[in-house]
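# Got a predicted structure plus its sequence, pasted below:
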Amino acid sequence: MSDVEGVRLQKVLAAAGVASRRVVEEMIVAGRIRINGVVVTELGRRIDPESDLVDVDGTAVQLDQTKRYVILNKPTGVVSSMRDDRGRPDLRPFVEPYPERLFNVGRLDAETSGLLVLTNDGDLAHVLAHPSFGVTKVYIAKVEGRVAPATIQRLLTGVELEDGPISADKARLLSRSTEGTGSLVELTLHSGRNRIVRRMMAEVGHPVVELVRRQFGPLHLGTLPAGKSRELTKVERGALLTLARGATASEHLET
């Protein structure tokens, strides 16, 4: 692209909400901005917002304003589908407020509540959903029985399921009832296998009573009530896009 083509970097980043044009100019001079991985320091630089990737202090900037990123706290009883062929409650009511055609990234089974990402960004969805990229998810499971430290260690070491061995990236006991009737366990996994938390806990003798996904990559459910959704903040979008670009770059290096 020649120097006379494209849009001035300061204008693009100001429109993206990074900072005022004057502050962006100071960032450029300070070497804090990269285009396609290369630091730029010239103030007259122009870019193509549709194809160039820009980051500030190592955090990706969303330039394509047609992309939307939404967090939903999926309630129990709702299937992770835009149209369920069995007539069960699905995700359509939660995407209706948004003009774009959004779809869910990955799935949560009907009995599981918690963080589900809705977007129209197919490239990002691929990185988040595919287990080869190792994006972690954090679950809180209320399970039957009194979970022992040895059981937590077994989850970390690995258990054998019908579709192969699996181990948690992290596991910890949050609480257990004095009567021994139930425990709360936090599991961190990057596996995309179906109903994996429920199957792991059943295998170690503690069937799941309730299950919620609290975290997906850099995104946290926070205090978002069940059945409610919100758009990602600028910081969250930056963290998510940075993760996706880093994973994609690693994939290209390996191929």
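Nice, thanks for sending it over.
# Val12 sits in which helix or strand?
For Val12, the host element (DSSP states H and E) is helix 9-15.
# ditto for Leu240
helix 234-254.
# what is the rounded mean pLDDT of that helix?
The pLDDT scores in helix 234-254 average 78.
# Then stretch 183-192?
Per-residue scores along stretch 183-192 average to 93.
# which residues are contacting it?
Contacts with stretch 183-192, where a contact means C-beta atoms under 8 Å, 6 or more residues apart in numbering, come from 106, 129-131, 134-143, 145-147, 152, 155, 166, 168-177, 196-197, 200-201, 206. All C-beta atoms are positioned from the backbone trio N, CA, C, and that covers glycine.
# Kindly recompute the last result at 6 Å.
With C-beta atoms under 6 Å, 6 or more residues apart in numbering as the test, stretch 183-192 has contacts from 131, 134, 136-143, 147, 166, 168-176, 197.
# go on, stretch 9-29?
Contacts of stretch 9-29 (C-beta under 6 Å, 6+ apart): 33, 43, 45, 47, 49, 56, 61, 63, 234.
# which residues touch the residue lying closest to the fourth one once chain neighbours are set aside?
Put plainly, it is Ile47. Excluding the flanking residues, the one nearest Ile47 by C-beta to C-beta, 6 or more residues apart in numbering is Gly6, at 5.1 Å. Neighbouring residues of Gly6 by C-beta under 6 Å, 6+ apart: 46-48.
# can you check Val212 too?
Counting by C-beta under 6 Å, 6+ apart, Val212 has contacts 113-114, 140.
# can you pull out the helices in this structure?
Along the chain, counting by DSSP state H, helices occupy 9-15, 21-29, 92-95, 122-129, 149-157, 196-203, 234-254.
# In TSV, list these along with distance to Leu224.
TSV is the format used below for the helices of the chain (distance: least, C-beta to C-beta, whole Å):
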stretch	distance to Leu224
helix 9-15	28
helix 21-29	31
helix 92-95	12
helix 122-129	18
helix 149-157	27
helix 196-203	20
helix 234-254	12
